[in-house]
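J.: coords please:
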Amino acid sequence: MINISAIIGVRVDSREAIQRSFVQVLAVAFAAVTLVRMAFGLIGAQEVPLRADFWVNVAIALVFCVVIYVLAARQPLLAAIITILGFALFAYLSRLVPAFVLISVAGVIAAAMLMPRRLNRLITIVIFAGLMVFVALAWQRGGWSAVLEGGALGYALTTIFVFTITRFLLWAQLELLESTRRRETLLQTTAEVAQFTNREQELVPLLKRAIQLVSERFGHYHVQVFLINPQGENAELVVSTGSVGETLLARKHKLAVGSRSVIGRTTAGGQPVVARDTDKDNVRFKNELLPETRAELAVPMYDGDKVIGALDVQSKDVEAFDDSEIQALQVLANLLASSVRNARLLEQQTRVAEENARLAQESNRNLQEIQRLNRELTGQVWRDFLRESNTTQGVTLVNDSLLHSAEWTPDMTQAALGTLVQTNTPDGVRVAFPLRLRGEVIGAVEIEMPAAPSNVMLSDIRAVLDRLTVSLENARLYDAAQAASAQETRLNQIASRYEKVTSVEELLRITMQELSQTLGAETGAIRLSATHAEAANGGSAS
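T.: Numbers count the residues shown, from 1 in each chain. Take a look at the predicted model:
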């Protein structure tokens, strides 16, 4: 295809540039025809002298060409209007010169194609009507011979041919430009979506921004995204543009996978589906909230080889969505599908992290409760042990001699609250340490030193005391085990004596003796009475 921009060496990147380039091409072509006409006039002037108006017409034509060429660079639409008026005037003034007539009429038609659509149609109709009138007048003067000899039919056919070729080239260039611009816009939009998908982690804001970009860049009537629910039965609306979208979201709009709709067919078949009002088998779901939709496109969103949803685009133009746009929107839909997968993985990871944090907090609370109960049990066990046993509960070192003592100094009492106590004395420093077992204080140690202990020394003392508490617990457990074993042996001995006695009186006597020896009781009594037992159990005695 011929590229108009290549003819004059101008980069055409907009519709205005097309208009500018085309008007400039017309100006150059008309100037070339004028110069050729001037050359032939000079050659013919050897036989027939040129009239003065010839040079005036040439000068006006060249000035006209320069004016519209320069004006086209700034105001192409105004230049097109001036071209139409100027060429119409030249066609009238030069109606006896075939070349000028042809180029003028062709220029008028071509320039008219740059005007708005309705004005373009009107000017085209007027020009063709004028050509038909021109042919009719020639016919009226002399029939077919006048039409053929006068060139009227040739003018008309040539003008129609030039018009058709020019129209084809111009509109092909405009369609190519529009298609190129839309592809560039789609690629740019896809790149922008890729950029903010890397930054945005929340799914709904990401999808909202993506469909808003598609709607704004391409002027589509309505854009929305459907995602298939976990059951795989319905495609549920997630985001949608405009107030209509808010209404549809409030309704929780959804379409069944495989239903008679573009969304149903796309999510079921995994292929793009386009539905237009002109289609015989129109599968588009006609929504009463979107009455101006004339064409609808749905492209599948793939996560790997699985369809997870669809990007739905609706347009007021029945001819919308060519192959290049469908391909670009498919790339965009796949990009959004990757973002959906990432957002869902992030959401899942967040839920797992929150659940792990909750379990960790619960475990920590349980551990703290276990530690508290363990401390309470440890403290209670040691209190019972010290109260019930005759074990030495303290020693004091005096002049290299160990003395048994259970007295508590003020510093030891304070240390028993769980803190390290350090007091200066005339001879040095006195330090009191708490004795901890499983977090519970079971005693205190007081040491007098000639100087304050260093951190290393304090750490060593604490390590020794920790081992002391563990050993004390082991000793207590051993004593408890020994006591339990002795008690079990005693019970077995009593049971053995019971087995050798057959009388009730002897059994009662043995029992009282054993209880007296075990408890250290000096007196005691045992009574047997069915009457008193019945009364105690809620019965009546006679």
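
J.: just the helices in the stretch 201-350 of the chain please.
T.: Taking DSSP state H, counting those that start in this stretch as the test, the helices found in the stretch 201-350 of the chain are 203-218, 242-250, 262-269, 323-388.

J.: mean confidence score for the longest one?
T.: pLDDT averaged over helix 323-388 equals 84, rounded to a whole number.

J.: just want the angle from it to helix 203-218.
T.: Interaxial angle of helix 323-388 relative to helix 203-218 (axes from the mean of the first three to the mean of the last three CA atoms, to 10 degrees): 160 degrees.

J.: alpha carbons of whichever helix or strand comes after helix 323-388, as PDB, please.
T.: Going down the chain from helix 323-388, the next helix or strand is strand 395-398, by DSSP states H and E. C-alpha atoms of strand 395-398 as PDB (Å, rounded to 0.1, in the frame of the first residue of the first chain):
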ATOM      1  CA  VAL A 395      23.300 -23.600 107.600                       C
ATOM      2  CA  THR A 396      25.600 -20.700 108.400                       C
ATOM      3  CA  LEU A 397      29.400 -20.500 107.900                       C
ATOM      4  CA  VAL A 398      31.200 -18.900 110.800                       C
END
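
J.: so what does strand 395-398 touch, helix or strand wise?
T.: Packing contacts for strand 395-398, counted by 3 or more CB pairs under 8 Å, 6 or more residues apart in numbering; DSSP states H and E, involve strand 401-404. C-beta coordinates here come from the backbone N, C-alpha and C atoms, glycine included.

J.: contact partners of the strand it packs on?
T.: The contact list for strand 401-404 (CB atoms under 8 Å, 6 or more residues apart in numbering) reads 392, 394, 395, 396, 397.

J.: picking that back up, could you dump the helices of the stretch 201-350 of the chain into a markdown table with distance to residue 34 added?
T.: Below are the helices of the stretch 201-350 of the chain laid out as a markdown table (distance: least, CB to CB, whole Å):
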| stretch | distance to residue 34 |
| --- | --- |
| helix 203-218 | 45 |
| helix 242-250 | 56 |
| helix 262-269 | 57 |
| helix 323-388 | 43 |
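
J.: so for the contacts of strand 401-404, which is the shakiest by pLDDT?
T.: Lowest pLDDT among the contacts of strand 401-404: residue 392, 58.

J.: compare the helices of the stretch 201-350 of the chain and give me the one nearest residue 316.
T.: Proximity to residue 316 (CB to CB) singles out helix 203-218 among the helices of the stretch 201-350 of the chain, at 11.7 Å.

J.: so which other helices or strands are in contact with that closest one?
T.: Helices and strands touching helix 203-218, by 3+ CB pairs under 8 Å, 6+ apart, are helix 152-199, strand 222-228, strand 234-240, helix 323-388.

J.: so which of those comes closest to residue 512?
T.: Among the helices and strands packed on helix 203-218, the nearest to residue 512 by CB to CB is helix 323-388 (24.0 Å).

J.: quick one: distance of the closest one to the chain centre.
T.: 23 Å (CA atoms, centre = their mean, to the nearest Å).

J.: between helix 262-269 and that helix, find me the angle.
T.: When the same axes, to 10 degrees is applied, the directions of helix 323-388 and helix 262-269 differ by 70 degrees.
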